[in-house]
Structures are given as C-alpha cells and as structure tokens.
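**Q** 3D, please:
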Amino acid sequence: MDREWTRRGVVMAAAGLAMGSPAEATEAEAWRATVPSESEPHARTWMAWPSTPSVYGGPGAYYESVQETLGRLAAAIAEHEPVAMAAPAGQHALARRLCGPKVELVDIATDDMWARDSGPVFVRKTDGGIAAVEFGFNGWGNKQIHAEDARLAQRIAGHLNLTGHTAPVRGEGGGLEYDGDGTLLLAESCWVNDNRNPGLSRDEIERHLKATLGVETLIWVPGVRGQDITDGHIDGSIRFVKPGLLMASAYPGDTSDWAAAHTEALAILAKARDARGRSLEVVSVPSAVDVRSKSEDFLTSYANYYVGNGALYTPRFGDKRADGKAMETLARLHPDRRIVALEVDRIYENGGGIHCVTQQQPQ
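**A** Modelled structure (predicted):
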C-alpha cells in the first residue's frame with residue numbers, strides 16, 4: 001500500500017457510480033451554467049476543518065500542528081475576504097482559537113480539510129445566480145474515510161440556500177483546472193479511472209463535464225495513477241493564470257513517473273488550442289529542492305497556490321532560491337494581487353496544498 005494512503009486514511013471497499021434516472025437525465029439536459037475563473041471576485045472562501053485524528057496518526061502533536069497550520073492559513077485569507085470554515089460544533093472552540101475572530105465557523109460535520117475536493121464547485125447560472133455542483137466525493141476512489149466529507153458539498157449548498165446539481169460523473173475539484181472562458185484542463189489518471197467512473201469512456205466523461213460546467217474545450221493530459229491519493233490532480237502541477245496563459249511546475253533532473261508525465265503534458269499543451277482558438281503560453285517555475293520538511297510525500301510544487309480577492313497565497317518551503325523565484329514569477333503573472341507567502345508545511349506533507357484546502361464561492 002502507498003505510504004501516503006497509509007498515513008492519511010484507510011482503504012475502503014470500492015463503490016460503483018449510480019448514473020441516475022431518466023428524469024434526472026432530462027433535468028440535466030435543462031441545466032445551463034458556466035464555471036467562473038478563480039480570479040473573479042469571491043463572495044467568500046470555503047474551507048473544511050480536519051476533524052478526524054486517525055487520518056493523521058491519532059491525537060497528538062502532529063495532528064494538532066495540522067489544525068494550527070490550517071487555522072493560520074484561514075486567518076491570512078480572512079484579512080482580504082470572508083472565510084467560512086465548515087466544522088462540527090464540538091470543534092468550534094478550538095477552531096475559533098486557531099483561526100481567529102474573522103473566520104466564520106459553520107456547523108457542518110467534516111472528516112478532513114480538503115475542501116477543494118469534497119466541497120462544491122460553484123458555477124454561474126444563465127440568470128447570473130450562483131449554484132453548487134456536487135461531484136460525488138468518494139475519498140479519491142475509496143482511499144480514505146469520507147462519510148461526512150461525502151455530504152459536504154450538499155450541506156454547504158443547503159447552508160447557502162443555493163440550487164444544487166449532482167454531476168453525472170464522479171471526481172474532485174482539484175482535478176479540474178478551468179480558465180473561465182470555456183477551456184478545461186484535466187488528467188485522465190483521476191477521471192478515466194474505475195475508482196471514480198467505472199465503465200465510462202473518456203468521451204462520455206468529457207460530454208458530461210461539458211454539460212455540467214458549460215465548458216467547450218477539454219485538454220486532457222495523462223497524469224499519474226496510483227502514486228498519490230488523488231491519482232494525479234492537475235492543480236498540483238499546472239494552473240491557468242488567465243485564458244491562454246498557464247503556470248507549471250518544473251522538475252529539473254527528476255526521472256520519476258511524475259516528471260515523465262509532466263513532460264508529456266507540456267508537449268500536449270504546446271500543440272493545444274483553447275476554446276477560442278488561442279495557443280497556450282506556459283511559464284515554468286522550478287519546484288523546491290532544499291526544503292524544511294523531511295516527509296517523503298512532501299509536495300514541493302508552487303503551482304498549488306490560491307488566488308483570492310486582492311491577494312495570492314503561495315507556500316514558502318525554505319528553499320530560498322526557489323521560494324524567491326516562485327514569488328517573483330507569481331507577482332509578475334498576477335500584478336493585481338498581493339503575494340502572501342506562508343509556511344504551511346503540514347498541509348503539503350499530507351497530499352495537497354493551499355489550493356486543495358480552499359474553494360472559492362464567486363460573487
């Protein structure tokens with residue numbers, strides 16, 4: 001069993017995807033929405049409290065440090081926009097102490113902190129209103145406990161009194177990278193995978209995603225299966241800065257399957273055209289090497305940043321040269337955002353990053 005999966009959770013029995021009734025299919029045909037860019041103004045950022053000690057090896061100093069790190073990140077984002085933290089009521093006193101007074105605590109049960117994946121993907125309907133799409137979170141293919149997180153998207157939509165829509169395919173928000181102008185970038189490894197979508201072809205999944213998110217062009221890259229809990233989410237390596245412009249991690253000297261898949265992805269992007277016929281410019285940023293963390297699973301990519309209202313949140317890994325290069329590049333690519341660099345190693349040690357624990361709700 002993969003070391004990361006052992007630390008983060010337990011493997012559960014595989015579950016099939018129920019595709020819905022003819023009535024649901026008719027309703028889906030009437031669904032019309034588009035997915036806004038992350039850089040559009042937010043009403044708030046949603047986050048989720050890590051409420052299950054067993055995911056982090058049980059109660060103790062390490063689990064407490066994960067909670068402290070997430071609270072510190074929430075407080076930093078709350079300096080620039082509203083933040084809502086889903087957390088069970090019994091955890092509110094601790095969460096209030098660690099998140100500070102500006103973060104709104106919402107009584108919603110959670111298992112873990114990966115709100116990008118377990119929470120809803122917010123879309124804009126044709127009348128301008130916001131709706132919430134649920135992608136049937138199943139613990140990244142039943143690799144981790146998720147009884148509460150499987151309901152998080154629905155519960156957030158209910159709390160906000162938003163129209164909800166259940167997608168006819170299963171997946172996670174971290175596996176979707178969109179430019180807000182009709183183009184979606186994603187990896188086959190986590191979508192065309194029987195642990196999420198058994199029996200569905202890539203063409204079928206593409207058709208459903210186009211209908212659900214209102215995108216016109218999908219660009220598929222291979223990704224990597226089975227080597228991390230997500231099966232190679234795209235937001236760990238390649239991100240849209242704006243239509244036609246991407247920021248990507250670079251892995252100099254790396255000969256792993258990850259680096260090979262990334263090289264193949266860049267070759268695909270070099271030939272691709274987006275929904276408006278534009279070619280794609282890719283700016284590469286070297287990943288960190290000389291880092292503080294000693295974890296073998298430490299994610300050293302700078303691509304997993306989060307674009308908020310007036311600010312962009314990026315990790316600082318302790319590699320002074322790489323940290324500085326990343327901040328310089330992100331500032332150039334996002335001149336309208338203040339660059340906030342944070343030490344959040346506990347998040348990056350556990351299979352994700354800043355982007356993975358945040359989900360924007362558009363205005």
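
**Q** Near residue 201, how many other residues are there?
**A** 10 (other Cβ atoms under 10 Å). For every residue, glycine as well, the C-beta is placed using N, CA and C.

**Q** quick one, what contacts it?
**A** Residues counted as contacts of residue 201 (Cβ atoms under 8 Å, 6 or more residues apart in numbering) are residue 192.

**Q** do the same with residue 94
**A** For residue 94, the set of contacting residues under the criterion of Cβ under 8 Å, 6+ apart consists of residue 67.

**Q** quick one: what helix or strand has it in it?
**A** Here residue 94 sits within helix 92-99, counting by DSSP states H and E.

**Q** what about that helix, average pLDDT?
**A** Averaged over helix 92-99, pLDDT sits at 98.

**Q** Tell me the buried residues in it?
**A** Burial within helix 92-99, assessed by neighbour count using 16 or more other Cβ atoms under 10 Å, is assigned to 92, 94, 95, 98, 99.

**Q** Which is the succeeding secondary structure element to that helix?
**A** Helices and strands here follow DSSP H and E; after helix 92-99, the next one along the chain is strand 103-107.

**Q** who touches that following strand?
**A** Taking contacts as Cβ under 8 Å, 6+ apart, the residues outside strand 103-107 that touch it are 44, 71, 74-75, 78, 82-89, 92, 95-96, 99, 156, 159.

**Q** same deal with stretch 276-292?
**A** For stretch 276-292, contacts defined as Cβ under 8 Å, 6+ apart pick out 181-183, 238, 241, 243-252, 266, 269-270, 272-274, 298, 300-303, 317-323, 325-326, 329-330, 333, 343, 345.

**Q** thinking again about what came up before, are any of the contacts of strand 103-107 buried, and which?
**A** Looks like these have 44, 71, 74-75, 78, 82-87, 92, 95, 99, 156 buried, using 16+ other Cβ under 10 Å.

**Q** now, the most widely separated pair of the residues you listed?
**A** The most widely separated members of the buried ones among the contacts of strand 103-107 are 75 and 156, with 20.4 Å between them, by Cβ to Cβ.

**Q** where does this protein dip in pLDDT?
**A** Counting by pLDDT under 70, the chain shows low-confidence ranges at 1-29, 253, 255.

**Q** again, only this time at 80
**A** Judged against pLDDT under 80, the low-scoring parts of the chain cover residues 1-30, 251-255, 295-298.

**Q** Select the longest helix from it.
**A** What stands out as the longest helix in the chain, according to DSSP state H, is helix 61-78.

**Q** so what secondary structure elements neighbour that one?
**A** Using 3 or more Cβ pairs under 8 Å, 6 or more residues apart in numbering; DSSP states H and E as the contact criterion, the elements in contact with helix 61-78 are strand 42-48, strand 83-87, helix 92-99, strand 103-107, strand 311-315, strand 338-342, helix 345-348.

**Q** Would you mind saying which of those lies nearest residue 168?
**A** strand 42-48 (23.3 Å).

**Q** For residue 273, list each beta-bridge partner.
**A** residue 279 (DSSP bridges).

**Q** Could you find the closest non-adjacent residue to the residue most central in space within the chain?
**A** Most central residue of the chain, judged by C-alpha distance to the mean C-alpha position with Cα atoms, centre = their mean, is residue 174 at 2.9 Å. If the residues on either side of it in the chain are set aside, residue 174 comes closest to residue 233, at 4.0 Å by Cβ to Cβ, 6 or more residues apart in numbering.

**Q** For stretch 43-59, list every residue counted as buried.
**A** The neighbour-count check on stretch 43-59 (16+ other Cβ under 10 Å) flags 43, 44, 45, 46, 47, 48, 49, 50, 51, 52, 55, 56 as buried.

**Q** Serialize these to CSV and add fields for distance to residue 226.
**A** Shown next, in CSV, are the buried residues of stretch 43-59 (distance: Cβ to Cβ, whole Å):
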residue, distance to residue 226
43, 37
44, 35
45, 31
46, 29
47, 28
48, 25
49, 29
50, 24
51, 27
52, 23
55, 20
56, 22
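
**Q** how about those, which pair is most distant?
**A** The two members of the buried residues of stretch 43-59 with the most space between them (Cβ to Cβ) are 43 and 56, at 30.8 Å.

**Q** that older thread, specify the stretch among the helices and strands packed on helix 61-78 that is closest to residue 163.
**A** Nearest to residue 163 among the helices and strands packed on helix 61-78 is strand 42-48 (15.2 Å), distances taken as Cβ to Cβ.

**Q** Tell me what angle that closest one forms with helix 61-78.
**A** Interaxial angle of strand 42-48 relative to helix 61-78 (axes from the mean of the first three to the mean of the last three Cα atoms, to 10 degrees): 180 degrees.

**Q** Centre of the chain to strand 42-48, how far?
**A** In terms of Cα atoms, centre = their mean, to the nearest Å, the centre of strand 42-48 is set 13 Å apart from its chain centre.

**Q** now swap in stretch 332-348 and tell me
**A** 15 Å.

**Q** Kindly export that stretch (C-alpha atoms) in CSV.
**A** Backbone C-alpha positions of stretch 332-348 (Å, rounded to 0.1, in the frame of the first residue of the first chain) are rendered in CSV as follows:
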residue,chain,number,x,y,z
ARG,A,332,4.7,39.1,-12.5
LEU,A,333,1.9,36.9,-13.6
HIS,A,334,-0.6,38.3,-11.1
PRO,A,335,0.3,42.0,-10.9
ASP,A,336,-3.1,42.9,-9.4
ARG,A,337,-2.6,40.6,-6.4
ARG,A,338,-0.5,41.0,-3.3
ILE,A,339,1.7,37.9,-2.9
VAL,A,340,1.3,36.3,0.5
ALA,A,341,3.9,33.6,1.1
LEU,A,342,3.2,31.2,4.1
GLU,A,343,5.0,28.4,5.9
VAL,A,344,2.3,25.7,5.7
ASP,A,345,4.4,22.5,5.5
ARG,A,346,1.9,20.4,7.4
ILE,A,347,-0.6,20.8,4.5
TYR,A,348,2.0,20.0,1.8
